[in-house]
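K.L.:
What follows is a predicted structure for the sequence shown.
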Amino acid sequence: MLQGIPDHWGRKLQLEHGAVTSTRTGPNAIRLRADAHFVIILLTTQTTRHVALNSDRAMVGLAPAGSIELVPMASELSARWEEPKENILAGLTAQRLQTLAGAEFGSDGFEFHPPRLGSVDAKALAIGRAIRDELQCGEFAVPECVDAWLTILGTHLLRRYSSLGGRTAAGHRGGLSPAVWRKVEDFIRAHLAGRITIEQLAETARLSPSHFARSFRAMTGQAPHQYVLAMRLEAARARLLQGGEPLEKVARLSGFSSHSHMTAAMRRLWGVSPTMIRRQGY
């Protein structure tokens with residue numbers, strides 16, 4: 001999805017219905033045709049940015065940190081910058097955004113309205129920084145965490161920059177009842193070894209993704225991906241204390257991509273390693 005972005009500009013992460021890269025480069029230039037809906041979030045200020053969208057005539061001006069640029073699918077983007085810059089570039093497939101639009105607004109038809117050059121979006125900047133911080137974990141970045149941020153970002157874009165923005169969001173009544181919470185928790189436990197997305201959990205609760213995320217945080221004090229990670233760590237801990245399963249198997253059955261991924265998560269959140277848990281009975 002991000003083939004037009006040089007690999008040496010920064011780390012890329014490809015997901016099922018999206019992709020993201022955190023880039024540092026410049027002065028430089030790029031020209032591409034978007035094969036998905038792209039959004040660029042500037043993490044540093046560009047005093048003189050040249051941008052053309054579906055035009056041979058570029059807009060030139062100041063683009064402060066937090067500026068957001070939308071490149072709808074099949075659009076032609078040409079950009080040039082005269083100083084080093086850092087940004088997040090995310091791509092979301094049409095299918096992903098249509099699914100989000102249907103869940104949020106009851107309609108999967110929409111049209112994006114790109115903002116003017118230099119338009120600052122504080123919420124998008126916060127999301128961009130969170131994505132950058134996760135990608136900086138390198139091979140230990142949690143794809144589900146990045147995927148969750150892309151869901152939040154996609155919903156934000158639809159609300160603020162699309163033709164659906166003036167509509168009342170659908171399915172926003174109520175929270176998580178005890179019965180719904182049990183269904184959600186049962187789903188997480190049953191799928192702990194696989195991929196779990198906010199969309200799947202929201203569908204289980206019969207809520208839109210954004211309303212589910214808010215209700216989930218209100219109930220647990222955590223974002224869904226944080227709760228899932230905590231459950232995976234507890235599942236791994238239980239397996240480690242049960243006996244002599246190989247660490248790679250413990251990791252896989254607990255939902256981690258590898259033994260090293262599980263170890264990194266334990267060290268980061270608990271300050272211990274799987275070997276310490278097994279030997280000392282933590």
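P.N.:
Yep, it's here.
K.L.:
check contacts around residue 23.
P.N.:
5, 9, 10, 85, 86, 87, 88, 89 (CB atoms under 8 Å, 6 or more residues apart in numbering). (Each C-beta comes from the backbone N, C-alpha and C, glycine too.)
K.L.:
pretty sure it is in a strand, no?
P.N.:
Yes. Counting by DSSP: H, G, I helix; E, B strand; the rest coil, residue 23 is part of a strand.
K.L.:
low-confidence ranges in this structure?
P.N.:
139-140, 166-175, 282 (pLDDT under 70).
K.L.:
Tell me where it has strands.
P.N.:
Applying DSSP state E to the chain gives strands spanning 12-14, 18-25, 28-33, 37-42, 46-53, 59-63, 68-71, 76-81, 85-92.
K.L.:
could the ones you listed be laid out in a markdown table, adding distance to residue 103?
P.N.:
Formatted as a markdown table, those follow (distance: least, CB to CB, whole Å):
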| stretch | distance to residue 103 |
| --- | --- |
| strand 12-14 | 23 |
| strand 18-25 | 16 |
| strand 28-33 | 29 |
| strand 37-42 | 17 |
| strand 46-53 | 28 |
| strand 59-63 | 32 |
| strand 68-71 | 21 |
| strand 76-81 | 28 |
| strand 85-92 | 14 |
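K.L.:
So which of these is nearest residue 150?
P.N.:
Of all the strands of the chain, the one in closest proximity to residue 150, counting by CB to CB, is strand 18-25 (4.7 Å).
K.L.:
tell me the angle of the closest one relative to strand 37-42?
P.N.:
Counting by axes from the mean of the first three to the mean of the last three CA atoms, to 10 degrees, strand 18-25 points 30 degrees away from the direction of strand 37-42.
K.L.:
quick one: strand 18-25 to strand 76-81, angle?
P.N.:
Using the same axes, to 10 degrees: strand 18-25 against strand 76-81 is 30 degrees.
K.L.:
pull the CA atoms of strand 18-25 into PDB?
P.N.:
C-alpha atoms of strand 18-25 as PDB (Å, rounded to 0.1, in the frame of the first residue of the first chain):
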ATOM      1  CA  GLY A  18      -4.300  -0.400   6.400                       C
ATOM      2  CA  ALA A  19      -0.700   0.600   6.500                       C
ATOM      3  CA  VAL A  20       1.400   3.200   8.300                       C
ATOM      4  CA  THR A  21       4.900   4.700   8.100                       C
ATOM      5  CA  SER A  22       6.800   7.100  10.400                       C
ATOM      6  CA  THR A  23       9.200   9.000   8.200                       C
ATOM      7  CA  ARG A  24      12.100  11.400   8.700                       C
ATOM      8  CA  THR A  25      13.600  12.900   5.600                       C
END
